[in-house]
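> here are the coordinates; sequence isn't available:
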Ligand SMILES: *Cc1c(COP(=O)(O)O)cnc(C)c1O
């Protein structure tokens, strides 16, 4: 097939879900009712939904078959053993603790290891990870390399940890107040950028020097492994599962959302090697999620994840996945829309601060852009900027490091013509960027405000 340039979807469509085409007037009414927060929309009023790639992908016929096979025994179900084998095939940690999604794994782990006076370094904390760290009273510290904070700078592994900064941070704080080091693969909030194995080995060496455990926030491990396969010297002939196992071999544990590279609609897990830590986590699991052989999941969900894990590491799938995301990003880049480069694995990130220099960060340029994309074309993206990260535990508000708009691509869900439509709408809005106005926040909750805040246009 290699002589053809077109990367086709390596699947055909097996069942379809209709999309209702709305008018600008309908969408203006929907925006007003939603308080200009796209999380408050009815998704039936969205034409192309790029809010998130989390749990929104299509499952395969084999995954649906697994749903039928799901065994709902309370304890020791065969579905659990299939799930456990599939997880340990890629991540051979001693203990696997199933949860209803990634944040439940985070909540359990940080309840056990974090707390006031503690600090968790990460390349970049994802929003729920940061919130779960801070909820215990600990500090969430982002130490991504400098290139990772510059949207326009090209670097093959922009998600890498700044190793000198990590070492200096641990020395300064003292290892006793750093219960674990995290690395997020790929770095979602930093633009879906990958982390190299070389960098992971560097983090491992620093953790060893200070006697600290290393955890992967592994939600997009397969996409990260594909980038290693494509970009890191010595890995182009190594099979994806083997690259994943090498990533795992450098860590002491992981948190995972199966809604991403589990190719499932729900699920997650926490995995650790340490027996004592596993026991403390399981005790919390029983309190908040369920018995250790199902956690927060039905047997059928465990089956869908087990099958998803075998599909997500297939090269045809990953090639299509990464190329189709790049197809959107490269088209926007050619049209002069400022995007985070190189294009990440699961999403294209538009640099709203640079597209809308007349809107100051505290008037939320990212929010202004997501509202405009919805109003004009019914496209739902997600602000990743000052709305999401601007409010601090002490109550102060500052601008986030970047004001990005993420167009996340659900897995195996939209075709190239949907994406061509998105390109057309984004270009139209970008050509009229000077007409956009900022917003004022009128209501916000104490944590994770972006989910439920309400706005008024300025
Ligand atoms: C989605 C995600 C999480 C949280 O997982 P949920 O299943 O949404 O709770 C944590 N970290 C990263 C990097 C993510 O992308």
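Received the coordinates, thanks. Keep in mind that what you see is a predicted model, and the values were worked out from it rather than measured.

> so is the helix or strand harbouring residue 304 next to the ligand?
Per DSSP states H and E, residue 304 falls inside helix 299-312. No. If you take Cβ under 6 Å from any ligand atom as the test, helix 299-312 misses the ligand, and the best it gets is 11.8 Å. For every residue, glycine as well, the C-beta is placed using N, CA and C.

> tell me the first helix or strand C-terminal of that helix.
Reading on from helix 299-312 to the C-terminus, the next helix or strand found by DSSP H and E is helix 315-334.

> buried set for that following helix?
Within helix 315-334, the residues that count as buried by 16 or more other Cβ atoms under 10 Å are 317-318, 320-322, 324-333.

> just stretch 195-205 next, same as before
For stretch 195-205, by 16+ other Cβ under 10 Å, it's 195-197, 199-200, 202-204.

> relative to the ligand, which of the residues you listed is nearest.
Proximity of those to the ligand (Cβ to the nearest ligand atom) peaks at residue 195, which lies at 11.6 Å.

> end to end, how far does stretch 309-317 reach?
12 Å (Cα to Cα, to the nearest Å).

> my bad, should have said stretch 148-160
8 Å.

> tell me the residues of the protein that contact the ligand?
Applying Cβ under 6 Å from any ligand atom, one finds that the chain approaches the ligand through 54, 101-103, 126, 128-129, 184, 188, 217, 219, 257, 259-260, 268.

> quick one, which of those has the minimum pLDDT?
Lowest in pLDDT among the residues of the chain next to the ligand is residue 188, which has 84.

> quick revisit: from the residues of the chain next to the ligand, which ones fall inside strands?
184, 217, 257, 268 (DSSP state E).

> and those, which is closest to residue 277?
residue 217 (16.6 Å; Cβ to Cβ).

> residues contacting stretch 255-262, please?
Residues outside stretch 255-262 that contact it (Cβ atoms under 8 Å, 6 or more residues apart in numbering): 53-56, 101-103, 105-106, 109, 129, 215-223, 264-271, 301, 305, 308-309, 312, 346.

> list the residues that contact the residue nearest the centre of the chain.
Of all residues in the chain, the one closest to the mean position by Cα atoms, centre = their mean is residue 188, 4.4 Å from it. Contact analysis of residue 188 by Cβ under 8 Å, 6+ apart lists 124, 126, 219-220, 346.

> how near is it to residue 349?
According to Cβ to Cβ, to the nearest Å, residue 188 stands 10 Å off from residue 349.

> ok, residue 217 - contacts?
Contacts of residue 217 by Cβ under 8 Å, 6+ apart are 102, 122, 126, 129, 182-185, 254-255.

> what two of those are the furthest from one another?
Checking the contacts of residue 217 with Cβ to Cβ, the most distant pair is 102 and 183, at 14.8 Å.

> for the helix or strand residue 225 falls within, what is the average pLDDT?
Taking DSSP H and E as the definition, residue 225 sits inside helix 221-231. When pLDDT is averaged along helix 221-231, the result is 98.

> past that helix, which element shows up next along the chain?
Counting by DSSP H and E, the next helix or strand C-terminal to helix 221-231 is helix 240-249.

> what about the residue of the stretch 1-150 of the chain found nearest the ligand, how many residues nearby?
Closest residue of the stretch 1-150 of the chain to the ligand, Cβ to the nearest ligand atom: residue 102 (2.4 Å). By other Cβ atoms under 10 Å, the residues close to residue 102 number 27.

> let me see the domain layout of the protein.
24-53+314-457, 61-311 (automatic domain parsing).

> how about JSON lines for these, with distance to residue 15 added?
Formatted as JSON lines, those follow (distance: least, Cβ to Cβ, whole Å):
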{"stretch": "domain 24-53+314-457", "distance to residue 15": "12"}
{"stretch": "domain 61-311", "distance to residue 15": "9"}
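
> average model confidence for the helix holding residue 304?
On average, helix 299-312 scores 98.

> how about the helices in the stretch 51-200 of the chain?
Along the stretch 51-200 of the chain, the stretches classed as helices by DSSP state H, counting those that start in this stretch are 61-69, 78-90, 102-113, 127-135, 163-173, 197-210.

> least confident of these, on average?
helix 127-135 (a mean of 94).

> and that one, how far from the chain's centre?
The chain centre lies 14 Å from the centre of helix 127-135; the measure is Cα atoms, centre = their mean, to the nearest Å.

> which neighbouring elements make contact with it?
Applying 3 or more Cβ pairs under 8 Å, 6 or more residues apart in numbering; DSSP states H and E, one finds that helix 127-135 contacts helix 102-113, strand 139-142, helix 386-389.

> what's the offset of the next helix-or-strand element following the last one from the middle of its chain?
The element immediately downstream of helix 386-389 (helix or strand, assigned by DSSP H and E) is strand 404-408. The gap between the average C-alpha position of strand 404-408 and the chain average comes to 11 Å, counting by Cα atoms, centre = their mean.

> show me what the next helix or strand after strand 404-408 is packed up against.
For strand 404-408, the following helix or strand on the C-terminal side (DSSP H and E) is helix 416-431. Here helix 416-431 touches strand 48-49, helix 315-334, helix 365-377, strand 379-380, going by 3+ Cβ pairs under 8 Å, 6+ apart.

> now do the third one: distance to the chain's middle.
Which is helix 365-377. 21 Å.

> report the buried residues of that helix.
Using 16+ other Cβ under 10 Å as the test for burial, helix 365-377 gives 365-375, 377.

> what angle do helix 416-431 and it make with each other?
Using axes from the mean of the first three to the mean of the last three Cα atoms, to 10 degrees, the direction of helix 365-377 lies 120 degrees away from that of helix 416-431.

> and the residue of the stretch 201-350 of the chain that's closest to the ligand?
Counting by Cβ to the nearest ligand atom, the stretch 201-350 of the chain gets nearest the ligand through residue 257, at 3.1 Å.

> so which strand or helix has residue 336?
Going by DSSP H and E, residue 336 is not part of any helix or strand.

> okay, now the closest residue to it other than its chain neighbours: neighbour count?
Using Cβ to Cβ, 6 or more residues apart in numbering and skipping residues adjacent in sequence, the residue nearest residue 336 is residue 430, 7.3 Å away. Residues lying near residue 430 (other Cβ under 10 Å) number 20.

> circling back: which two of the ones in strands among the residues of the chain next to the ligand have the greatest separation?
184 and 268 (14.3 Å).

> contacting residues for the closest residue to residue 79 other than its chain neighbours?
Counting by Cβ to Cβ, 6+ apart, residue 299 is the residue found nearest to residue 79 once chain neighbours are left out, at 3.8 Å. Applying Cβ under 8 Å, 6+ apart to residue 299 gives the contacts 70-73, 77, 79-80.
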